[in-house]
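S.K.: Provide a 3D model corresponding to the input given below.
(chains A and B)
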Amino acid sequence: MRWSTYFIPTLREEPADAEVISHKLLLRAGMIRQLGAGIYSYLPIAQRSVLKISNIIREEMNAIGGQEFYLPAIHPAEYWQESGRWSIMGDNMFRLKDRKGGDYCLGMTHEEVMTDIARNELRSYKQLPQVWYQIQSKFRDELRPKSGLLRVRQFTMKDAYSFDIDQAGLDKSFDDQRGAYCRIFSRCGLDYVIVEADTGAMGGSASNEFMVYTNAGEDLVASCHACGYAANVEKAKSRIPDVDDGDIEQAVEKFPTPGVHTIEDLVTFSGGAAADRQIKTLIYVSVAEKGNDSKSTPFLALLRGDHPLNEVKLANAVAKLANKDGWEQTAIRPAHPEEILELMGANAGSLGAVGVTKAWVFVDEALRGRRNMTTGANEDDHHLRGVSLERDIKVTDWADLRLVAEGEDCPNCETGKLQVGKALEIGHIFKLGTKYSNSMGARVLNSDGKEVPVIMGCYGIGVERILAAAIELHNDDAGICFPITVAPFQIVVTPLNVKDAELKSIGDRIYEELAGAGIEVLYDDRDERAGVKLNDADLIGLPFQIRIGPRKLKEGKVEFYDRKTRQSEDVPVDHVVKLAIDRIHEELVKLS
RNA sequence: CGGGGCGUAGCACAGCCUGGUAGUGCGCUCGGUUUGGGACCGAGAGGUCGGAGGUUCGAAUCCUCUCGCCCCGACCA
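M.R.: As a prediction, this is how the structure comes out:
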């Protein structure tokens, strides 16, 4: 490819509204341009990278028996209503109407579409297992698109679905996918970690996320160096030391606490209590839907005073009670002040669960067995001391509701401490089970002639996130340092002055020979100053460069430059093509 | 949805407070000189100042509304 006629609009200056490194470099390298919030056009070299990533994914999916589909992006609402996700997805889903007023959406994923095909076509266990996948655009009306390609409203996703007759089959399909994911991310040059994750709106039993540690990420991962435990903080657990509540169980006593409205206030208040001897009382609302009806149910969540709430854990705990009689919880949210007053008869800052019987009370496991605690009295400016959990509070359900913190003990081994780091999710695999096959009626006959729901798994990868993550992980002050497997080209050939006929003719020859050998080569035949060409080459980050300049050519040599190490070696003109081919193959082998 | 910021040439920005002929740098075009890490000289092209309404003799500038984009938050009562 000749750079002089190829479209790579590099930017010298940094775009004003880019924040994260990959966003800045994608713009500066002429790879993407924004069309709207969270909507990007991929320019030619970005498209080359995306296609290379897609092909790696395709190869690994095919290697485990995956079969590629092409599915509609626009879905009639009825399929999503059947699965129940028409309401669960809420404002995150792009919705539209056709000319007759019929409801449609743009697909966020394709469980419904794939399950529909499965239920129409799969009849017998003899047809299982099946592994179906696609690599296509997905649409999500994100609350806040941001960070270039990291959180967008249209993106490319590889999503695969497995259909098995039993749990053992699902386990194998899941493990196959997990192995394929490891190979895919390794081949793309990404350091990743596999973590336990919440299943969220997908439903299902188990799930693993594939994460890349980077400050541009939006998730937090808790991990233990001692044993390798790693989990999304949405799911992570930890061990904490016991707190001494004293030997004697005291009686409940109300006392005035004027002006005390926070845990912290009560710690310093004379006659108050340490934060770990307090009970924090939070009022939340479960929002549920049934058909076109919706309802809001306020409830209490109790934690130790110094423990932060993990909303995801709380939502999961509440859903067990909220999802019945056809109701499906779509969200939980903090209660509004007027809702708190109505439910509790007091305002935030003086709340407590003692005597509460008309609302659900969810209590964090860390409070189990605790005695002589201090909490709000449900009367403004009053608190209670001497509260014992089991004796004084009517607990609806115990659950793990606590957000783990850095430095707490690993839940999985004796010695480790948890570290918490920011990470970017690049892949997610789920054991769905029968959630969709039940709601949509995908059943086959088993070997006993009995009709059973198909056991499903689903497996997603964000293609552009791989590109962005590769840039986040591999860059320096001059620009991108692409892993060769995702680089738009493998090498750039740069005659430093194309008006010098000798430099140009040698450049032409090297370019032709590399291209003839099947190397993905970009030829910088632009009539630009050397500085411009070298800076652009560094910026777009191809792994290797061949620089042809007058100084070295006097000795019959050209420079072979390694972008990542920024080392160059002088090579006789006649040897450089072979050297380049060898080095490129070496790189490819490293990432195979 | 709440808070903050910003919309002026392809890009980055100044001008706005205090109303009076729309600017700077980079990029772009042409000519010349240059040529190993983002050259120099000269001559040019390019903007309904996000949009609508209002105030005024006069609005990029003041007022109202609106659209868009960026950042933070939307868990700890």
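
S.K.: Now do the strands in the stretch 201-350 of chain A.
M.R.: Assigned by DSSP state E, counting those that start in this stretch, the stretch 201-350 of chain A shows strands spanning A:207-213, A:219-224, A:230-232, A:253-256, A:279-290, A:293-304, A:328-334.

S.K.: do you know which of the ones you listed lies nearest residue A:577?
M.R.: Relative to residue A:577, the nearest member of those by CB to CB is strand A:207-213, separated by 35.2 Å. C-beta coordinates here come from the backbone N, C-alpha and C atoms, glycine included.

S.K.: quick one: the closest one to chain centroid distance?
M.R.: In terms of CA atoms, centre = their mean, to the nearest Å, the centre of strand A:207-213 is found 7 Å from the chain centre.

S.K.: got a list of what the nearest residue to residue A:261 once chain neighbours are set aside touches?
M.R.: Setting aside the residues directly before and after it, residue A:261 is nearest to residue A:349 in space (CB to CB, 6 or more residues apart in numbering), at 3.1 Å. Going by CB atoms under 8 Å, 6 or more residues apart in numbering, residue A:349 touches A:260, A:261, A:262, A:376, A:380.

S.K.: which among the residues you listed gets closest to RNA strand B?
M.R.: residue A:262 (4.2 Å; CB to the nearest atom of the strand).

S.K.: At the contact with RNA strand B, which residues of the stretch 251-400 of chain A appear?
M.R.: Residues of the stretch 251-400 of chain A lying close to RNA strand B by CB under 7 Å from any atom of the strand are A:261-263, A:280, A:282-284, A:307-311, A:333-335, A:337, A:340, A:348-349, A:351.

S.K.: and those residues, which are buried?
M.R.: Buried subset of these (neighbour count, 16 or more other CB atoms under 10 Å): A:263, A:280, A:282-284, A:307, A:309-311, A:335, A:340, A:348-349, A:351.

S.K.: Could you work out the most separated pair of these?
M.R.: The distance between the two most remote of these (CB to CB) is 22.1 Å, for A:310 and A:349.

S.K.: Report the secondary structure state of the residue nearest the centre of chain A.
M.R.: By CA atoms, centre = their mean, the mean C-alpha position of chain A lies nearest to residue A:425, the distance being 2.7 Å. What DSSP: H, G, I helix; E, B strand; the rest coil gives for residue A:425 is strand.

S.K.: Could you check how far it is from residue A:480?
M.R.: Per CB to CB, to the nearest Å, residue A:425 is found 22 Å from residue A:480.

S.K.: Quick check: closest non-adjacent residue to residue A:295.
M.R.: residue A:288 (5.7 Å).

S.K.: Now do the contacts for that neighbour.
M.R.: Neighbours of residue A:288 in contact, by CB under 8 Å, 6+ apart: A:294, A:295, A:297, A:322, A:323, A:327, A:328, A:329, A:330.

S.K.: what's across from it in the sheet?
M.R.: residue A:295, residue A:329 (DSSP bridges).

S.K.: in stretch A:81-90, what's buried?
M.R.: Buried-residue list, stretch A:81-90, by 16+ other CB under 10 Å: A:82, A:83, A:84, A:85, A:86, A:87, A:88, A:89.

S.K.: What is the neighbour count of the closest residue to RNA strand B within the stretch 351-500 of chain A?
M.R.: Of all residues in the stretch 351-500 of chain A, residue A:497 sits closest to RNA strand B, with a separation of 4.2 Å (CB to the nearest atom of the strand). Residue A:497 is flanked by 18 other residues according to other CB atoms under 10 Å.

S.K.: now residue A:505
M.R.: Neighbourhood size, residue A:505 [other CB under 10 Å]: 12.
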